[in-house]
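Chemist: sequence plus predicted model, see below.
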Amino acid sequence: MEPIGFVERLGRWSSGRGALYLLLAVRIRTLIDDGELPPGAPLPPDRTLAAALAVGRSTVVAAYDLLCGEGRIVRRQGSGTRVAGPPSAAARPTTEAPAFLHLLEPRDGVIMLACAAPDSPPPELVEAYAHTVPRLAEIAGDIGYHPMGHVTLREAIAERYTARGLSTGPDRILITTGGQQALTLLARALIRPGDRVLVQAPTYFGALEAFREEGAALHTAPVTLSGFAGALSQIKPVFAYAMSSFHNPTGTVIPSPARQRIVAEAGAAGVPLIDDEVLSDLGFPGEPVPPPLAVHDDRVITIGSLSKIVWGGLRVGWLRAPAPFIARLARMRTVLDLGGNVPAQLAAADLLPRLAPLLQRSAAERRSRHDHLRAELARSLPSWHAPAVRGGQTLWIRLPHGDGQSFAQQALRHGVAVLPGSGLDPSGAGAGHIRLHFLAEPTDLTEAVRRLATAWHDYDARPNRLPYPPAMAV
């Protein structure tokens, strides 16, 4: 088993109380008992796992010895360490994305800077639901299954695109359970095992997970998509996936001339282009909302969502695409869940025309917290490179040495969950980075940086630390 994948399966193993070797043994035991590590599955060698976890080799050896004594694993000279029992057909793998796994763990005092989304519903959403309740009482003759989405919300989203200069009818809109379901549907519709997909490096980890689930071979281009035409002709992907506005994780906004060129190059190569606009409304004060890439070519597939701009618990997203493709996706979506939550969709339709005040308030708050986090990092961790961004929710931070995966383990032991860059960059060039979001309260951000500084001091003092990783252009 690859050490990075194994470490990600371990999740927040070290955030409890007790000796590290006991905490590690408990977590591995749970993975075995739950079937996540089937009989015969190999475990990483002692030294390899110790380096990935930023612990001493003796910690791993003691954990393995404990599990060996329990009969859960076997250790043999020359054949390594394996889960006890004869090899069996492995269960279908589950996600190894750290941010997703963090959502499954209890908070237990850990400051969560890994998964970025507003952490409480705004008053505007509460009001929207209050307006929706009387409408629910009026519904009759409707069983509530709408695989394309409720027409009221589809019309509201279509009107919003039309107001942005992109003429749209409701037949070109599919409502999804958040942007993640939109990515999952697109992956199922467009990818066959072994197909090549072109993505930015780094990019949103949830997209990578959805594409890998369908067996995609991932190829990368710079965040700015420089050399895009050459990459398309060389790789010949089944589609290209881009976040052109307030890119996750770097915050990059591709300038207008380059946007037009990218769309033209995709069209000339006959490669479908997916424009993930989930963060496009998250500019800081004074930053305009960039136009969707589809204004340059109506065939571009566009993803949107309210989960990042309103609240993570409002699982309402959408796709805009040519009507025949939307109809095909709707048939696929029917098999998954028959359609989304109707009250949530009606509330979203009520909220969409009244988003402006919420977005203005959010922009000012996010800018303030962005500045606060960068100031704290500059004061306590001046060797970290944390460039300012113009919007979005995250900082893409380059560590002065070492790798983000092992440092994330060290940070977790000090009570902060961060996202290692390796999970966001299939090219491997992001290994020396971590991603932090700045949506937390200022007091929590201050405490998080204090803990990170302590973690970095301990990490920096380790003997035989990993070499300085190669630079990556974004």
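Modeler: The structure has been received and is ready for your questions. Residues are numbered from 1 along each chain as shown.
Chemist: can you give me the helices in the stretch 1-150 of the chain?
Modeler: 3-10, 20-33, 46-53, 57-69, 98-103, 123-138 (DSSP state H, counting those that start in this stretch).
Chemist: weakest of these in terms of mean pLDDT?
Modeler: Of all the helices of the stretch 1-150 of the chain, mean pLDDT reaches its minimum on helix 98-103 (a mean of 66).
Chemist: need the helices of the stretch 1-150 of the chain in TSV with mean neighbour count and distance to Pro202, can you?
Modeler: The C-beta positions use only the backbone N, C-alpha and C, and glycine is treated the same way. Listed next are the helices of the stretch 1-150 of the chain as TSV, based on neighbours: other Cβ atoms under 10 Å; distance: least, Cβ to Cβ, whole Å:
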stretch	mean neighbour count	distance to Pro202
helix 3-10	20	15
helix 20-33	19	27
helix 46-53	20	20
helix 57-69	18	29
helix 98-103	20	13
helix 123-138	13	31
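Chemist: report how many residues lie close to the closest residue to Gly339 other than its chain neighbours.
Modeler: Using Cβ to Cβ, 6 or more residues apart in numbering and skipping the chain neighbours, the partner closest in space to Gly339 is His146 (4.2 Å). Using other Cβ atoms under 10 Å, His146 is surrounded by 19 other residues.
Chemist: any idea of the pLDDT on His146?
Modeler: 95.
Chemist: make sure it is actually in contact with Asp337.
Modeler: No: using Cβ atoms under 8 Å, His146 is not in contact with Asp337, being 10.8 Å away.
Chemist: now render the helices of the stretch 1-150 of the chain as TSV, adding distance to Ile111.
Modeler: Putting these into TSV (distance: least, Cβ to Cβ, whole Å) gives the following:
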stretch	distance to Ile111
helix 3-10	19
helix 20-33	19
helix 46-53	20
helix 57-69	24
helix 98-103	11
helix 123-138	25
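Chemist: closest one to Ile191 among those helices?
Modeler: Of all those, helix 98-103 sits nearest to Ile191, with 19.5 Å by Cβ to Cβ.
Chemist: where does the stretch 351-474 of the chain have low pLDDT?
Modeler: The stretch 351-474 of the chain contains residues with pLDDT under 70 at 463-474.
Chemist: gap between the longest helix anywhere in the chain and the chain center?
Modeler: The longest helix of the chain (DSSP state H) is helix 356-380. Taking the mean of its C-alpha atoms, helix 356-380 sits 20 Å from the chain's own mean (Cα atoms, centre = their mean, to the nearest Å).
Chemist: residues contacting that helix, please?
Modeler: Helix 356-380 has contacts (Cβ atoms under 8 Å, 6 or more residues apart in numbering) with 118, 122, 124, 281-285, 287, 309-310, 384, 386, 388-389, 391, 393, 395, 397, 436, 438-440, 442, 445-446, 449-450, 452-453.
Chemist: how does it look with 6 Å?
Modeler: The contact list for helix 356-380 (Cβ atoms under 6 Å, 6 or more residues apart in numbering) reads 122, 124, 281, 284-285, 384, 386, 438, 442, 445-446, 449, 453.
Chemist: so how far is His457 from Glu447?
Modeler: 16 Å (Cβ to Cβ, to the nearest Å).
Chemist: of those two, who's got more company?
Modeler: Glu447 (16 against 12).
Chemist: does the more buried one count as helix, strand or coil?
Modeler: The local conformation at Glu447, judged by DSSP: H, G, I helix; E, B strand; the rest coil, is helix.
Chemist: could you find the closest non-adjacent residue to it?
Modeler: Ile111 (6.5 Å).
Chemist: ok, the spatially closest residue to Met148 that is not a sequence neighbour - how many residues close by?
Modeler: In this structure, Met148 finds its nearest non-sequential neighbour in Ala330, 4.5 Å apart by Cβ to Cβ, 6+ apart. Residues within reach of Ala330, counting by other Cβ under 10 Å, total 18.
Chemist: what's the answer for Ser14, then?
Modeler: By the criterion of other Cβ under 10 Å, Ser14 has 20 neighbours.
Chemist: that one contacts Arg413, doesn't it?
Modeler: Yes: if you go by Cβ atoms under 6 Å, Ser14 and Arg413 touch, sitting 4.7 Å apart.
Chemist: what do those two both touch?
Modeler: By Cβ under 6 Å, 6+ apart, no residue touches both Ser14 and Arg413.
Chemist: got the buried residues for stretch 154-174?
Modeler: 154, 156-158, 160-161, 164, 166, 168, 170, 172-174 (16 or more other Cβ atoms under 10 Å).
Chemist: quick one: distance of that stretch to the chain centre.
Modeler: Worked out by Cα atoms, centre = their mean, stretch 154-174 lies 26 Å from the chain centre.
Chemist: what is the end-to-end distance of that stretch?
Modeler: Taking Cα to Cα, to the nearest Å as the measure, stretch 154-174 stretches 7 Å from start to finish.
Chemist: can you list contacts of it?
Modeler: 148, 294-295, 318-320, 323, 326, 329-330, 349, 352.
Chemist: what about the closest residue to Leu136 other than its chain neighbours, which SS state?
Modeler: With sequence-adjacent residues excluded and distances taken as Cβ to Cβ, 6+ apart, Leu136 is closest to Pro343, at 6.2 Å. On the three-state scheme (three-state DSSP), Pro343 is labelled helix.
Chemist: ok, Pro343 to Gly5 distance?
Modeler: Taking Cβ to Cβ, one finds Pro343 at 39 Å from Gly5.
Chemist: in the longest helix of the chain, what's buried?
Modeler: 358, 362-363, 366-367, 369-370, 372-374, 376-377, 380.
Chemist: for the stretch 151-300 of the chain, just list every one of the helices.
Modeler: Under DSSP H, counting those that start in this stretch, the stretch 151-300 of the chain gives helices at 151-163, 178-190, 205-213, 228-235, 256-269.
Chemist: go on, the stretch 301-450 of the chain?
Modeler: Secondary structure of the stretch 301-450 of the chain (DSSP H, counting those that start in this stretch): helices at 323-337, 342-351, 356-380, 404-413, 442-460.
Chemist: helices and strands around the first one, which ones?
Modeler: For helix 323-337, the elements it packs on are strand 173-176, judged by 3 or more Cβ pairs under 6 Å, 6 or more residues apart in numbering; DSSP states H and E.
Chemist: mind listing the strands the strand it packs on pairs with, and their directions?
Modeler: strand 317-320 (antiparallel) (DSSP bridges).
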